[in-house]
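S.K.: here is the input, now give the coordinates:
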Amino acid sequence: MSEPTRRKPGPKRGPRVDDSLVQRHQARSKIEALLRRNMGQRFREKALASLANRILAVSPAAQAILLDMYLDNDNELGHMALLVLAETPQEETLRRVDEHLDRGHLSQQDALRLMMVKTFIKDDPDQILQELSRHGDPNEVLGRMAGEMWKKLEPEEAAMLWLEQYGALEPQDRIALLSLFLEAPCRGLLGVARIEARSDNADIQRLLAERLADFPYPETVPVLEQLCQSANMGVRLAAEHSLGALRSNLPDLFSAEQRGASFGQGQFYEAYVARDPLSGQYSVIYSQKAADGSIGFCVALIDTWDQGLMDIWGNVGFSPREFHDLIESFGPASQTDDKDFRYEPAEKDFALQLLRGAEALSSLRGYELPTEMPLWSDLYAAEPAPSGPSSVAFGLQCLECGAAIRRPRSAQEKNAPLIFGDFALCGACLKRKTCCAACGKKVKRADAAIVANLDSARADLFCRDCFERSDRGAWS
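M.R.: Numbering: from 1, shown residues only. Next comes the predicted model:
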């Protein structure tokens, strides 16, 4: 019997290499790919929030990776990382920022850029100024940071971030921040100025009217012209003085070509409308072509029954082809999708009727307009009111008593209205319908049909037998 063959000992294995760096590199690559793929969505708050959630799912260290990418890339990629960081859980992001700041080996530029993250995601001006005092005079530091931060933003992007981060602050806090930010004139801040020029606070308006004389950009002129319409005489005089200074020093800003380059100053391009008849909802796409040929557009979701303008977002800088590709992507994805809710070309007046009717309904029914409304409505705000009556009815009312119908929040809501097409019965009127209108027999609502009679402004309940004996159609 032969002796069993012995295996030769292999080379000694070294200690297992920690693969955490490999995993982090892979996670960073995935996050970078997601950022680059979604750069065109940076003006859309909901898209940024969705992107942040997808990035957080890539790795437990996603926020740290985003922070590193922001510090490593002083370009559009780093800027996109900052926008997404603003949508991640605040406590964790601030903790990681503080960890970086506490290391003590940062350059002043990196320290300022980290503090910039804090200004993006914190809405406490006093605390921000207190923390900045560690890096010198807080007003000077914030002024430098403001210049670095806002100059990277398009005006529309700056406006969106201002609304999201600072829009809910009290006027005195917004004035304090604006005073600091306006120390460093840049084009991005004019998006903020366009929003705040509509404020009913005379101190904010006066601050803008005085300081915008230092902003040598085409977008400055329409903001100052808007301030010239202020109810406050001091604001009007300051705005007229600033306009006069700009006209003397930079007359080219007032040319038709420069005006056409400003947001909201272009020519109407195209409109598209989609309708869901079962829910009373519309979606409107309204677009403008700027002087440089690029397309800016907004997309609005409208509830004609109750809520009015439910949501609005937009984007700028699209080529006509990119814009039409986007419209195509909004259509039904397959043959099995709902073909009714597809975007069709629409007349400008019809789109304007929907947009303005929705705004009016939201105000009438006491709903807050979407946060981004002041930004994207500039695309159509200057258009004259459409001629003729609206072809769309806004504000669903009870067919019998005329009470405003509120959209039910759930299927189980007590005394919920009954909505059938563009007509409805309020809960109170519905509750009184207990007997068949033909035979008088008591009948449960689940076993009955309700038929609207528009001529007499009433709705009748019928039992199944009476309904089937009539020629009203098949029971379903």
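S.K.: low pLDDT regions in the stretch 51-200 of the chain?
M.R.: Scanning the stretch 51-200 of the chain for pLDDT under 70 picks out 74, 104-106, 108, 119-136, 138-149.
S.K.: ranges for the helices of it?
M.R.: 62-72, 76-85, 90-102, 108-121, 125-132, 138-150, 155-165, 171-181, 189-196 (DSSP state H, counting those that start in this stretch).
S.K.: dump those helices to TSV, plus mean neighbour count and distance to Arg365.
M.R.: Bear in mind the C-beta positions are built from the backbone N, C-alpha and C, glycine included. Listed next are the helices of the stretch 51-200 of the chain as TSV, based on neighbours: other CB atoms under 10 Å; distance: least, CB to CB, whole Å:
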stretch	mean neighbour count	distance to Arg365
helix 62-72	21	39
helix 76-85	21	33
helix 90-102	15	32
helix 108-121	18	33
helix 125-132	16	34
helix 138-150	19	36
helix 155-165	23	22
helix 171-181	19	27
helix 189-196	26	24
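S.K.: please convert these to TSV, extending it with distance to Ala209.
M.R.: Below are these laid out as TSV (distance: least, CB to CB, whole Å):
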stretch	distance to Ala209
helix 62-72	35
helix 76-85	30
helix 90-102	34
helix 108-121	25
helix 125-132	22
helix 138-150	19
helix 155-165	18
helix 171-181	12
helix 189-196	10
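S.K.: and of the ones you listed, who's closest to Trp313?
M.R.: Evaluated with CB to CB, the helices of the stretch 51-200 of the chain place helix 155-165 nearest to Trp313, the distance being 8.9 Å.
S.K.: who touches Met80 in this structure?
M.R.: By CB atoms under 8 Å, 6 or more residues apart in numbering, the residues touching Met80 are Leu35, Arg36, Asn38, Met39, Arg42.
S.K.: let me see the domain layout of the protein.
M.R.: Per automatic domain parsing, the structural domains of the chain span 23-255, 267-332+340-379, 396-426, 433-469.
S.K.: residue ranges with poor pLDDT in the stretch 201-350 of the chain?
M.R.: Filtered on pLDDT under 70, the stretch 201-350 of the chain yields the residue ranges 256-264, 331-341.
S.K.: repeat that for 80
M.R.: 255-265, 317, 330-341 (pLDDT under 80).
S.K.: quick one: the helices in it?
M.R.: With DSSP H, counting those that start in this stretch, the ranges of helices along the stretch 201-350 of the chain come out as 202-211, 220-227, 233-249, 256-260, 320-329, 348-365.
S.K.: helices or strands next to the first one in the packing?
M.R.: Right, the one you point to is helix 202-211. If contacts are counted by 3 or more CB pairs under 8 Å, 6 or more residues apart in numbering; DSSP states H and E, helix 202-211 sits against helix 171-181, helix 189-196, helix 220-227, helix 233-249.
S.K.: do the third one as well
M.R.: Based on contacts counted as 3+ CB pairs under 8 Å, 6+ apart, the elements that helix 233-249 packs against are helix 202-211, helix 220-227.
S.K.: what does that helix contact?
M.R.: With CB under 8 Å, 6+ apart as the contact definition, helix 233-249 has outside contacts at 202, 205-206, 209-210, 212-213, 216, 220-221, 224-225, 227-230, 253-254.
S.K.: quick one, it and helix 220-227 angle?
M.R.: 150 degrees (axes from the mean of the first three to the mean of the last three CA atoms, to 10 degrees).
S.K.: how about the fifth one?
M.R.: Direction vectors for helix 320-329 and helix 220-227, defined by the same axes, to 10 degrees, enclose an angle of 60 degrees.
S.K.: list the buried residues for helix 320-329?
M.R.: The neighbour-count check on helix 320-329 (16 or more other CB atoms under 10 Å) flags Phe323, Leu326 as buried.
S.K.: ok so, going back, could I get the helices of the stretch 201-350 of the chain as JSON lines with distance to Gln23?
M.R.: Listed next are those as JSON lines, based on distance: least, CB to CB, whole Å:
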{"stretch": "helix 202-211", "distance to Gln23": "49"}
{"stretch": "helix 220-227", "distance to Gln23": "49"}
{"stretch": "helix 233-249", "distance to Gln23": "55"}
{"stretch": "helix 256-260", "distance to Gln23": "51"}
{"stretch": "helix 320-329", "distance to Gln23": "34"}
{"stretch": "helix 348-365", "distance to Gln23": "48"}
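S.K.: out of those, which is closest to Glu76?
M.R.: Closest approach to Glu76 among the helices of the stretch 201-350 of the chain (CB to CB): helix 320-329, 16.9 Å.
S.K.: which other helices and strands does that closest one contact?
M.R.: strand 267-276, strand 281-289, strand 295-303.
S.K.: 10 Å instead?
M.R.: When contacts are defined as 3 or more CB pairs under 10 Å, 6 or more residues apart in numbering; DSSP states H and E, helix 320-329 packs onto strand 267-276, strand 281-289, strand 295-303, strand 308-318.
S.K.: tabulate the CA atom coordinates of that helix in CSV.
M.R.: Output of helix 320-329 as CSV, limited to C-alpha atoms (Å, rounded to 0.1, in the frame of the first residue of the first chain):
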residue,chain,number,x,y,z
PRO,A,320,-35.3,72.8,-28.5
ARG,A,321,-34.4,69.2,-29.1
GLU,A,322,-33.8,68.5,-25.4
PHE,A,323,-37.1,70.2,-24.6
HIS,A,324,-39.0,68.0,-27.1
ASP,A,325,-37.2,64.9,-25.9
LEU,A,326,-38.4,65.8,-22.4
ILE,A,327,-42.0,66.2,-23.5
GLU,A,328,-41.8,62.8,-25.2
SER,A,329,-40.5,61.2,-22.0
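S.K.: between the helices of the stretch 51-200 of the chain, which one is nearest to Leu301?
M.R.: Among these, the nearest to Leu301 by CB to CB is helix 155-165 (17.2 Å).
S.K.: quick one: the closest one to chain centroid distance?
M.R.: Here helix 155-165 is found 10 Å from its chain centre; the criterion is CA atoms, centre = their mean, to the nearest Å.
S.K.: re the thing from before, nearest to Glu154, of the helices and strands packed on helix 202-211?
M.R.: Between Glu154 and the helices and strands packed on helix 202-211, the shortest separation by CB to CB is 7.2 Å, and it involves helix 189-196.
S.K.: counting contacts, what elements does the closest one pack onto?
M.R.: The contact analysis (3+ CB pairs under 10 Å, 6+ apart) places helix 189-196 against helix 138-150, helix 155-165, helix 171-181, helix 202-211, helix 220-227, helix 373-376.
S.K.: what about the contacts of Met80, which are in helices?
M.R.: Under the assignment DSSP state H, these contribute Leu35, Arg36 to helices.
S.K.: what's the closest of the contacts of Met80 to Glu322?
M.R.: For the contacts of Met80, the closest approach to Glu322 (CB to CB) belongs to Met39, at 12.6 Å.
S.K.: nearest residue to that closest one other than its sequence neighbours?
M.R.: Nearest residue to Met39, sequence neighbours excluded (CB to CB, 6 or more residues apart in numbering): Met80, at 5.7 Å.
S.K.: can you count the residues close to the spatially closest residue to Pro408 that is not a sequence neighbour?
M.R.: Leaving aside its sequence neighbours, Pro408 sits nearest to Ala416 (CB to CB, 6+ apart; 4.3 Å). Neighbour count for Ala416, taken as other CB atoms under 10 Å: 17.
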